[in-house]
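Peer 1: Structure for the following, please:
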Amino acid sequence: MLKLKVNNIEIEVEEGLTVLQACEKAGVEIPRFCYHEKLSIAGNCRMCLVEMEKSPKPIASCAMPVAEGMNIKTNTKFVEKARKGVMEFLLANHPLDCPVCDQGGECDLQDQSMFYGIDKSRYKENKRSVPEKNMGPLIKTQMTRCIHCTRCVRFATEVAGVPELGAIGRGEDMQITTYLEQSMQSELSANVVDLCPVGALTSKPYVFEARPWELKKTETIDVMDAIGSNIRVDTYGWEVKRVLPRINEDINEEWISDKTRYACDGLLNQRLDTPYIKYNKKFEKASWSEVYEIIKSKLQNTDKEKICGITGDLTNMDTLYVFKEFFNKTLGSNNIESRSDHTYLNADKRENYLFNSSINGIENSDFIFLIGSNPRYEATILNARIRKAYLQNRMQIVSLNDVGDLTYPYKSLNGEIQKIKDITDGNHEISSLITNAKRPMIIFGQSVFKSHNARFIFETLKSYLIKKGKISNEWNSLNIISDNASTVGSFDLGIYKTNDGSNEVLKNLENHKYEIVYLLGQDNLKFEKQNEFIIYQGSHGDKGAEIADIILPGAAYTEQNGYYTNLEGKLQKAYKASYPPGDAKEDWQIINELAEIMNHRKLFNDKEELDSSLTNQINLLIEKNNMKDFSQIDNTDFTKEILKVNHIDYYYSNVIARASKTMFECKNSKINFKSTGTEG
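Peer 2: Reported below is the predicted structural model:
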C-alpha cells in the first residue's frame with residue numbers, strides 16, 4: 001500500500017492506481033471527459049488537472065500513477081484557473097444549441113461548465129462546423145459538438161472489437177468518423193451513445209422524443225436473450241420511450257446489446273388489446289366472459305390426455321408457475337412443455353442446463369472450448385466478456401465450428417463429431433489443454449442439443465470433465481448458453497416432458513394426438529395445424545396468433561412484475577414500467593381467472609401469494625438438486641456427422657423484435673453491408 005496526501009488528508013491506496021482513482025477513494029470529485037473506468041487511458045481532454053507538490057505544471061490525474069509520498073491538491077486557485085482554461089477551449093467551438101440537443105439534461109459538458117466554467121468567452125472567431133456522419137439506423141451524429149474525448153473510438157476498438165471508428169485530421173480539423181459511410185457492424189454499437197459526454201452521438205430512434213425529466217424511470221430486467229441484463233426502462237405516460245443499461249458487474253457490467261436497447265418500439269406495434277374468436281376463418285372481437293366460457297366448455301368436454309400446453313420464450317416465472325398449477329391441479333394433465341423444437345434435455349441435475357462458470361467467471365478462465373455455439377449472436381454480452389478475458393489473459397480459445405468473426409481470435413476445428421470422441425478418449429491436443437488448464441470452460445451452444453448426436457456430445461464430455469476433476473464446488477467447467485429469457489426458469493419449474501431427453505409433447509403434437517393446444521406466448525412453433533383447437537395467450541399478433549382459434553391478450557415484459565432466471569441460474573425480478581393496452585390483462589391473472597371459471601376457486605388469491613409460493617418452490621428445487629449425485633448415462637453411441645451451427649436471425653428473434661421498426665432497419669443495414677462485399 002502507498003501513502004499519499006489528497007488535500008492534506010492522508011490516505012493509503014494500492015499500487016497501480018492513478019491519481020484520479022486515489023482522489024476518488026479520498027472522496028474528492030475530479031471532473032473528466034475522456035476518462036472512463038472500462039476503457040484505456042487517453043489523457044486527452046485535460047479536464048482532470050490537479051496540482052502536485054514540486055510540479056511546476058498541473059498534472060493530468062487520469063494518466064499519472066500514484067507514488068509514495070505524493071501531495072495532491074484539487075481545490076487551489078492554480079487548479080481552478082487550469083480547469084477554467086480547459087473548459088474555455090472546449091467551449092470555443094461548441095455550438096450553442098443546448099435547447100435542441102437530445103443530450104440536454106444528461107450532458108456532462110453542461111454539468112461541468114456550470115461547476116468549472118467561466119461566464120464569458122474571449123473567443124471572437126467563427127466556430128468550426130463538421131458535417132454529419134452516417135453511422136446507421138441507431139446512432140445520430142452531430143459532430144460539430146464533438147470534443148474529441150475518443151471514448152467512442154476506444155469502446156469500438158477495445159470492448160466491441162470492431163475497429164471501425166477513428167480520427168482524421170489534426171488540431172481544429174480533427175474529426176471522429178467511421179472508415180466507411182455505413183453503420184457500425186457490432187451488436188453493442190449503441191453503447192457509444194451512453195459513453196459520449198456531449199451531444200455528438202445521440203440515439204436516432206429516440207431523437208426529439210422526450211426530455212429526461214419528463215420520463216418515469218423503472219429499474220428492471222431485459223428479456224431479449226438469456227443473459228438477464230440489468231436495464232432501466234423510461235416511460236412517458238404508458239409508452240416505453242427508451243431502454244438504458246444499469247450497472248451490474250456480475251452480469252452486463254454497464255453495456256447492453258442493441259437489441260435490448262432498441263427493440264422496445266416493438267411494444268407499440270401489432271399489439272393484442274382485446275380477446276378474439278375465429279369464426280369462418282376470420283377473427284372477431286369478443287368479451288372476456290365469452291372467451292372464458294368457450295374455453296371452459298372445450299376443456300371440460302375433452303379428455304385430459306388430449307390437452308397440451310406449450311410456453312413461450314419471454315414468459316416470466318410467475319406465469320409459468322401458475323400455468324403449471326392450472327394444468328396439474330385444474331385440468332389434471334402433465335402435458336406441458338417449454339421447448340419449441342426437438343432439443344435434448346437432461347434435467348436430472350440443475351447444472352445440466354446452466355452456465356455454471358458464471359458470466360463473471362469467464363475472466364478467471366484459462367482455456368475456452370466452444371461447441372456448436374456462436375456467442376456473438378446467442379449471448380452478445382457474454383461474448384463481450386469473452387473478448388475482455390482474452391485481452392486480459394491471452395488464453396487460448398478453440399471452437400469446434402468456424403462461426404465467422406467473434407471479435408477475438410480462435411482456433412477452429414472442422415465441426416466433426418469424431419473430434420469430440422477423440423478428445424474424450426485422450427487422442428487429441430484439446431484433451432491436454434482441458435486437463436492442464438486450471439479453469440477451463442466448455443461452452444455448449446443450442447445447436448448441440450438440436451443435433452442427432454446431442455446425447456453423445458453432452459454426456460460424454462460431461463463424464464470426461466468429471467473424470468478430470470473439472471466439475472467441482474470450486475469450479476464447474478460445464479456451460480450451456482440458453483436460447484431465451486425463460487429457458488432456465490421453465491426447466492427449474494419442471495415445464496418439460498421428456499423420454500430419454502427428447503421432446504415428448506412436441507412429438508405427439510406433430511402426430512396430431514392433441515385436440516386442444518394452449519400456447520402461452522409461444523410464437524416459434526413450426527407446426528402444421530389440422531383439427532386442433534388452439535388457444536393463444538400473448539402480447540403480439542405474431543405466428544402463434546395466426547393459427548389460433550381463440551386469442552387472449554396478455555402483457556409484455558414491461559407491463560407486469562415477474563421473476564426471470566438467467567442462464568447462470570440467477571433469479572432476478574422484472575418490474576412493471578407500463579400497462580397492458582386496451583382490455584389486455586397480465587398473464588398470470590388470465591390463467592388465474594380461467595381456473596376460477598372452471599373450478600369456482602382461484603389458484604392464488606393475489607400476486608403476493610403467487611410470488612411467495614413460487615420462491616418457496618424454487619428454493620425447494622435448488623435444495624433437492626444439491627442433494628442429487630451425478631448419474632452416469634450409458635448408450636451414448638454416435639453417428640458420424642458434421643455439427644452445424646444453426647443460423648440465428650438475431651434482429652428477429654422474438655415477437656417484440658419482429659414488431660420493431662428499428663430492428664427491421666438494423667437487419668436491412670446488415671444485409672446491405674454484406675451485399676456490398678465489404679464484410680471482413
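Peer 1: all contacts plus neighbour counts: C-alpha atoms, from now on.
Peer 2: OK.
Peer 1: Phi, psi for V100 please.
Peer 2: In terms of degrees, to the nearest 10, the main-chain angles of V100 are phi -110, psi 10.
Peer 1: Please tell me how far it sits from V193.
Peer 2: 17 Å (CA to CA, to the nearest Å).
Peer 1: got it, and I618?
Peer 2: Going from I618 to V193 by CA to CA gives 38 Å.
Peer 1: For the two, indicate the residue with more neighbours.
Peer 2: Neighbour count, other CA atoms under 10 Å: between I618 and V193, V193 has more, with 21 against 15.
Peer 1: Can you point out the buried residues in stretch 270-286?
Peer 2: Buried residues in stretch 270-286, counting neighbours by 16 or more other CA atoms under 10 Å, are found at Q270, R271, L272, D273, T274, P275, Y276, I277, F283, A286.
Peer 1: So for that stretch, mean pLDDT?
Peer 2: Regarding stretch 270-286, the rounded mean pLDDT is 91.
Peer 1: Residues touching that stretch, excluding its own?
Peer 2: 287-288, 291, 538-542, 548-554, 580-584, 659 (CA atoms under 8 Å, 6 or more residues apart in numbering).
Peer 1: Filter the residues you listed down to the buried ones.
Peer 2: The neighbour-count test (16+ other CA under 10 Å) applied to the contacts of stretch 270-286 identifies 288, 291, 538-542, 548-554, 580-581, 584, 659 as buried.
Peer 1: Among the residues you listed, which ones are in strands?
Peer 2: Under the assignment DSSP state E, the buried ones among the contacts of stretch 270-286 contribute G538, I550, I551, L552, P553 to strands.
Peer 1: nearest spatial neighbour of W588, skipping sequence neighbours?
Peer 2: In space, and not counting its chain neighbours, W588 is closest to T319: 4.6 Å by CA to CA, 6 or more residues apart in numbering.
Peer 1: can you tell me which residues contact that neighbour?
Peer 2: Going by CA under 8 Å, 6+ apart, T319 touches G562, D587, W588.
Peer 1: Could you export these as a markdown table, including distance to D492?
Peer 2: As requested, those are exported to a markdown table (distance: CA to CA, whole Å):
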| residue | distance to D492 |
| --- | --- |
| G562 | 15 |
| D587 | 19 |
| W588 | 18 |
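Peer 1: Compare these and tell me which is most surrounded.
Peer 2: D587 (27 neighbours).
Peer 1: excluding its backbone neighbours, what's nearest it?
Peer 2: Computed as CA to CA, 6+ apart, the closest residue to D587 that is not its neighbour in sequence is G554, at 5.2 Å.
Peer 1: Can you tell me how far L525 is from F456?
Peer 2: Remark: distance between L525 and F456 (CA to CA) = 26 Å.
Peer 1: of those two, who's got more company?
Peer 2: Neighbour totals were compared for L525 and F456, and F456 leads with 22 against 15 (other CA under 10 Å).
Peer 1: packing partners for the helix or strand hosting the more buried one?
Peer 2: Secondary structure from DSSP states H and E places F456 in helix 454-467. Under the contact definition 3 or more CA pairs under 8 Å, 6 or more residues apart in numbering; DSSP states H and E, helix 454-467 sits against helix 418-424, helix 446-449.
Peer 1: quick one: average confidence on it?
Peer 2: For helix 454-467, mean pLDDT rounds to 90.
Peer 1: List the buried residues in that helix.
Peer 2: By neighbour count on 16+ other CA under 10 Å, the buried set for helix 454-467 is 454-466.
Peer 1: Please compute how far the helix or strand that comes right after it lies from its chain's middle.
Peer 2: Downstream of helix 454-467, the first helix or strand assigned by DSSP H and E is strand 478-480. Relative to the chain's own centre, strand 478-480 is displaced by 18 Å; criterion: CA atoms, centre = their mean, to the nearest Å.
Peer 1: what helices or strands is strand 478-480 leaning on?
Peer 2: Applying 3+ CA pairs under 8 Å, 6+ apart, we find strand 478-480 packed against strand 440-444.
Peer 1: Now stretch 474-486: buried residues?
Peer 2: Within stretch 474-486, the residues that count as buried by 16+ other CA under 10 Å are W475, N476, S477, L478, N479, I480, I481, S482, D483, N484, A485, S486.
Peer 1: Show me which of the residues you listed is closest to T202.
Peer 2: Relative to T202, the closest of those is A485; by CA to CA it sits at 28.5 Å.
Peer 1: before we move on, which element is the closest one in?
Peer 2: Going by DSSP H and E, A485 is not in any helix or strand.
Peer 1: can you pull the contacts of it?
Peer 2: Contacts of A485 (CA under 8 Å, 6+ apart): 223-228, 313-315, 564-567.
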